[in-house]
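Peer 1: Everything below, folded, please.
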Amino acid sequence: MKIAILGYSREGSSTLAFLKKQKQVFGKPQKEIEYWVLDQKKIPKLPTGIKSVIGKSYLKNLDRFDYIVRSPGVPYSTTELVQARQQGVKFSSLTKIFFELSPCPIIGVTGTRGKGTVATMLYRILKAAGKDVHLLGNIGIPALDLLPRLKKNSLVIYELSSFQLQDMTVSPHISILLHVSPDHLDSHKNFKEYVEAKGQIAAHQNKDDVVFYVDEDATTARLAMKGSGKKIKVSTKDFSLFEPSLLYLPAPHLFENAAVAATVALHLKVKLQTIRKSLASFSGNEFRLQSLGKKKGVQYFNDSAANNPLGTIAALKSFGTPIVLIVGGKNKGLDYKPLAREINKTNARAVILIGEIKDVLKSQIRKPSTFIAQSLKEAVQMARKQAHTNDVVLFSPGTSSFDMFKNFEDRGRQFTKLVQSLPS
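Peer 2: Residues are numbered from 1 along each chain as shown. Okay, here's the model as predicted:
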């Protein structure tokens, strides 16, 4: 049997290593399996005995394989993948394999923004409550690396993207649905496909499962109605367990994230005192409205994880002081007018534009002074000159990083380094 690992990044290499350790894979003994790796990019070194197709032709002749294990970075709706499925090739993924083999309940979190923060908040709460809890997703280790450490009484919090969810046929025992708005339209066929992918987190639940959802979002509420799980809505209007002032930054979207995490924790029988104490000590995830401290009286915030306009809009609403905003990156084919409108009416003192999308945004921003920078280094220097004492310099790109950086982490690390190099 021929098995192809499609995409050999962090997840792909973890999947191959895991499969090679199993006695049987997809019903066949290990000795009968021939492994291939398919990737567009060059791979420094492959394990001995592994065949490969590397380069532009990596998606040709997929019908030669019995199974293809897809990495999230390769869109499910790619023409060659659609044709392979029509020709009878079976598909799986690291996420699907993990769900099939996990001995413990899984708490899945998805949404266009906030899933990393909610996952981490909930993880901190459950850890403080003495639970054997583990965190997976963009902010953790590859899922299959974790499997040997799990027991029946463990809990897994899994941050799930649309790409991971798209071909799922099972949903988490506890699902968390946050706001859903247009994103990744450079990889999904359209917004409808993106929404349908997100909906998989609840669509396959049974009556013993539960889905928590934010009811202010009509799309999210509709998706939560899929499946047979119990529906529990979370609304900050009705939430009274604590005030926004408990949090390190009393921003509306952070308060909503905290309310969701707290509601799920209460469902899991965690004491309110533990919930409050955990959230009060939470100071934000790296690259998610992360405070970098003050330089010459100006506060710097690193929000590199804001990969879509909604994230930047939420960040802009988090401060009462004047803001110098650094925004821009890859053009993902989204509608950036709502972001421009928010910038026009916010208390932004100046806007520094970077990346592929800079000219689009410049044509739409009316109120604050706008400047174009050719690099992140130049943007930080421009922001420093525009900011006044007690202002906030906010790096919240509002789109993805791949025009200038490896990923949002690389982008965030470079911003932090640039800020740290500024005179105090």
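Peer 1: Run through the chain and note the low-pLDDT ranges.
Peer 2: 139-140, 182-189 (pLDDT under 70).
Peer 1: so what does the lengthiest helix in the chain touch, helix or strand wise?
Peer 2: For the chain, the longest helix by residue count, based on DSSP state H, is helix 252-267. Applying 3 or more CB pairs under 8 Å, 6 or more residues apart in numbering; DSSP states H and E, we find helix 252-267 packed against helix 115-128, strand 174-177, strand 210-214, strand 230-234, helix 272-280. The C-beta positions use only the backbone N, C-alpha and C, and glycine is treated the same way.
Peer 1: quick one: strands adjacent to the third one?
Peer 2: Here strand 210-214 has these sheet partners by DSSP bridges: strand 174-177 (parallel), strand 230-234 (parallel).
Peer 1: got the CA positions of it in CSV?
Peer 2: Output of strand 210-214 as CSV, limited to C-alpha atoms (Å, rounded to 0.1, in the frame of the first residue of the first chain):
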residue,chain,number,x,y,z
VAL,A,210,-21.8,20.1,24.1
VAL,A,211,-21.1,23.2,22.1
PHE,A,212,-20.4,26.7,23.6
TYR,A,213,-20.9,29.6,21.2
VAL,A,214,-20.9,33.4,21.2
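Peer 1: quick one: buried residues of the helix or strand following it?
Peer 2: Scanning forward in sequence from strand 210-214 by DSSP states H and E, the next helix or strand is helix 218-224. Using 16 or more other CB atoms under 10 Å as the test for burial, helix 218-224 gives 219, 220, 221, 223, 224.
Peer 1: Can you tell me what sits against the longest helix of the chain?
Peer 2: Helix 252-267 is contacted from outside by 107, 113-114, 117-118, 121-122, 125-126, 129, 174, 176, 178, 210, 212, 214, 232, 234-236, 239, 241-242, 244, 246-247, 272, 274-275, 279, 282, 289, 314, 317-318, using CB atoms under 8 Å, 6 or more residues apart in numbering.
Peer 1: how much does that helix deviate in direction from helix 272-280?
Peer 2: Orientation check (axes from the mean of the first three to the mean of the last three CA atoms, to 10 degrees): helix 252-267 against helix 272-280 gives 150 degrees.
Peer 1: how big is the angle separating helix 252-267 from helix 115-128?
Peer 2: Going by the same axes, to 10 degrees, helix 252-267 makes 40 degrees with helix 115-128.
Peer 1: residues of helix 252-267 that come out buried?
Peer 2: 253-265.
Peer 1: returning to that earlier point: among the contacts of helix 252-267, which ones are buried?
Peer 2: Looks like the contacts of helix 252-267 have 107, 113-114, 117-118, 121-122, 125-126, 129, 174, 176, 178, 210, 212, 214, 232, 234, 236, 239, 242, 244, 246-247, 274-275, 279, 282, 289, 314, 318 buried, using 16+ other CB under 10 Å.
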